[in-house]
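> Got a sequence here, can you build the structure:
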Amino acid sequence: MGRTHTLEQTQNIAFDVSYNEFSAWKQVDSSLPQNDDEHHRLWYQHVGKALGVLLYSADYSPEAQRRSLDFFKQLVAPNLGVFQAAGTGYTNSWQSFMTDDGTPVELSWDWGTSDSRPTIRYSIEPIGLQAGTAADPRNLLAGPVLQDGLKQSLPDIRLEWFDYFKDFFNGGGKQEVPESNASIIYKWYTFLRSFLGGRNDREPEFLKGLPDHSSSIFYAFDLTETEITAKVYFFPKYRAISSGKSNLEVLVESMKGAPHCTDDNLEALSVFSDFSNDPASKGLEYEMLAIDLIDPFKSRFKIYFRSRETSFESLSNIITLGGRITSPNMQKGLKDLHSLWNAIFGVSAPSTDPLKEVNHRTAGMLYNVEFRIGEKLPVAKVYLPVRHYSSTDNAVIRGLDAYFKSHHRGSYMAAYSRTMDTLFGSESLASQAGVQTYVGCTIRPNGALRVVSYFKPPVSEPALSVERVL
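Now for the predicted structure:
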């Protein structure tokens, strides 16, 4: 695919024919102090470089590339914890739930619903260098540092809901649980989960006895040509443990008590509660709640939950909330989603057949429902875990390509494929799955399928070689 540029981009690079996917990263990297923390430097060297490649490939202007990379370098990279390859005395004692290998960053490429330019986003877990040790057993030190930085870097950020939910999930108006008590609570949680049950009555046997994650908060950033917007994710687990309630009960209680929320303007939550309390939904596992850090009346509630059922029939039931979400175009969207399912998983079995059996904490289908204050119905999204159920990363890329071509939407497919090759190498993509983590799908009201690709950044191998692709 030939590259296209806006007038502004053309003016910016008119006298620099060598401008490439590493140029903005190199410009921002040159301003990083040489005596800066080694972990900070390595996170920017690896993940920052990958982010720069994505922004370039998605046709962001040089100015927007530099702004997003500078934000990552200044605010995010210093708060990602220990970088494994660093030669310092720190040991990585904190495994993030963000990715299966514990990396606290996940990148994403939002294809949207049309053939327009993709949007680049990423999610992170703020981690301190001493997280998981006696000095910071619950990883509570890095989050406030990041949050203070966001106030300075994103002047339009709104924190009414953030302050409320942070307080709620840390004790509901009481003093935050002390570190020593939190450690005891978590040990009891592990014991009870191992010997007295699990997240729900239908928890798979392979999960019982396995220690669960310790993550309590994530952040995410959407990067547009003109701005950076933030989201935050809260985990209900610690509040649920200390109160003796289920994750679902805690999540619903948190939303009902949020500023500006009433029974009258949370009709969408009532619909979801009706679905989640249905006996047919008994096996669902509720993971976390996300909000946008904007005006609460414009922000979304996003409830994330997992199902161990992996048939397309089960997906169809959940994404319509058991038939509670209906629209004239829903069947069109489900048909498109089924064709994408078949393409990326390489299957053509009846919709009642499950995918192959995978015994892993993040196996099964991940979902969320989202809604705003005043909306009558939620919108559901499914995250297809291609890292578990696709044969290779190349198979996922080929499946996306086939789907987009059949829907006349493939103008950025070559850029995406080239980006994956640049970041991970063609041999790795052809030999195994695991780089791409999810393909997210939402059926919009007009029946169009919004698709988002999620993937891990390259951190386990040596940093990308600039010379390799020049």
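> Could you report the distance from the residue most central in space within the chain to residue 259?
In the chain, the centroid-proximal residue (CA atoms, centre = their mean) is residue 123; its distance is 5.1 Å. Look at residue 123 and residue 259: by CB to CB, to the nearest Å, they are 25 Å apart. All C-beta spots, glycine's among them, are computed from the backbone N, C-alpha and C.
> ok, now residue 167?
Noted for residue 167: a distance of 11 Å to residue 259, by CB to CB.
> Comparing those two, which residue is more hemmed in?
Set residue 167 next to residue 259 and count neighbours by other CB atoms under 10 Å: residue 167 wins out with 13 against 9.
> got a pLDDT number for the more buried one?
Listed pLDDT for residue 167 reads 96.
> List the buried residues for the strand or helix carrying it?
Taking DSSP states H and E as the criterion, residue 167 maps to helix 160-169. Residues 161-162, 164-166, 168-169 are the ones in helix 160-169 that count as buried (16 or more other CB atoms under 10 Å).
> Restricting to C-alpha, output that helix in PDB.
In PDB, the C-alpha atoms belonging to helix 160-169 read as follows (Å, rounded to 0.1, in the frame of the first residue of the first chain):
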ATOM      1  CA  GLU A 160     -14.900  13.200  40.100                       C
ATOM      2  CA  TRP A 161     -15.600   9.600  39.300                       C
ATOM      3  CA  PHE A 162     -12.000   8.600  39.700                       C
ATOM      4  CA  ASP A 163     -11.800   9.900  43.200                       C
ATOM      5  CA  TYR A 164     -15.100   8.200  44.100                       C
ATOM      6  CA  PHE A 165     -14.200   4.800  42.700                       C
ATOM      7  CA  LYS A 166     -10.700   4.800  44.000                       C
ATOM      8  CA  ASP A 167     -12.100   5.500  47.500                       C
ATOM      9  CA  PHE A 168     -14.800   2.900  47.000                       C
ATOM     10  CA  PHE A 169     -12.600   0.000  45.900                       C
END
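> Give me the contact list for that helix.
147, 173, 216-217, 232, 234-236, 238-239, 250, 254, 257-259, 289, 291, 293, 296, 299 (CB atoms under 8 Å, 6 or more residues apart in numbering).
> where in the chain is pLDDT low?
1-17, 34-35, 86-89, 172-211, 460-470 (pLDDT under 70).
> what do you get if the cut-off is 50, keeping everything else the same?
Applying pLDDT under 50 to the chain flags the ranges 1-15, 173-180, 182, 184-186, 188-201, 462-463, 465-470.
> Specify the local secondary structure of residue 381.
Counting by DSSP: H, G, I helix; E, B strand; the rest coil, the backbone at residue 381 sits in strand.
> quick one: the helices in the stretch 151-300 of the chain?
If DSSP state H, counting those that start in this stretch is used as the criterion, the helices of the stretch 151-300 of the chain fall at 160-169, 179-195, 237-243, 247-256, 267-276.
> ok so, going back, can you get me a residue count around the nearest residue to the residue nearest to the centre of the chain once chain neighbours are set aside?
Counting by CB to CB, 6 or more residues apart in numbering, residue 220 is the residue found nearest to residue 123 once chain neighbours are left out, at 4.1 Å. As a burial measure, residue 220 scores 18 neighbours (other CB under 10 Å).
> mind starting the numbering at 50 from now?
Shifting the count to begin at 50 puts that one at residue 269.
> so where do the strands sit in the protein?
All strands of the chain, identified by DSSP state E, fall at 154-161, 168-173, 266-272, 277-283, 334-341, 350-356, 414-420, 428-433, 485-492, 498-504.
> which residues sit against the second one?
Outside of strand 168-173, the residues within contact range by CB under 8 Å, 6+ apart are 100, 103-104, 107, 109, 117, 125, 128-129, 147, 153-159, 161, 267-273, 282.
> and those residues, which are buried?
Listed as buried from these are 100, 103-104, 107, 109, 117, 125, 128-129, 147, 153-159, 161, 267-272, 282; burial here means 16+ other CB under 10 Å.
> still on that earlier bit, closest one to residue 200 among the strands of the chain?
strand 277-283 (10.7 Å; CB to CB).
> Please name every helix or strand in contact with the closest one.
Judged by 3 or more CB pairs under 8 Å, 6 or more residues apart in numbering; DSSP states H and E, the packing partners of strand 277-283 are helix 111-120, helix 209-218, strand 266-272, strand 334-341.
> Can you tell me the strand partners of that strand and which way each runs?
Strand 277-283 has the following strand partners under DSSP bridges: strand 266-272 (antiparallel), strand 334-341 (antiparallel).
> Dump those strands to JSON lines, plus distance to residue 67.
Below are the strands paired with strand 277-283 laid out as JSON lines (distance: least, CB to CB, whole Å):
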{"stretch": "strand 266-272", "distance to residue 67": "24"}
{"stretch": "strand 334-341", "distance to residue 67": "39"}
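> Nearest approach to residue 206 belongs to which of the ones you listed?
Minimum separation from residue 206 across the strands paired with strand 277-283 (CB to CB) falls at strand 334-341, 9.9 Å.
> neighbours around the residue nearest to residue 412 when sequence neighbours are not counted, how many?
Leaving aside its sequence neighbours, residue 412 sits nearest to residue 437 (CB to CB, 6+ apart; 5.3 Å). Neighbourhood size, residue 437 [other CB under 10 Å]: 20.
> Report the contact partners of residue 437.
Applying CB under 8 Å, 6+ apart, we find residue 437 in contact with 407, 409, 411-412, 482.
> again, 10 Å this time
149, 359, 404-405, 407-409, 411-413, 482-483, 486-487 (CB atoms under 10 Å, 6 or more residues apart in numbering).
> Walking through the stretch 50-199 of the chain, point out its helices one by one.
56-62, 72-78, 87-92, 98-106, 111-120, 191-202.
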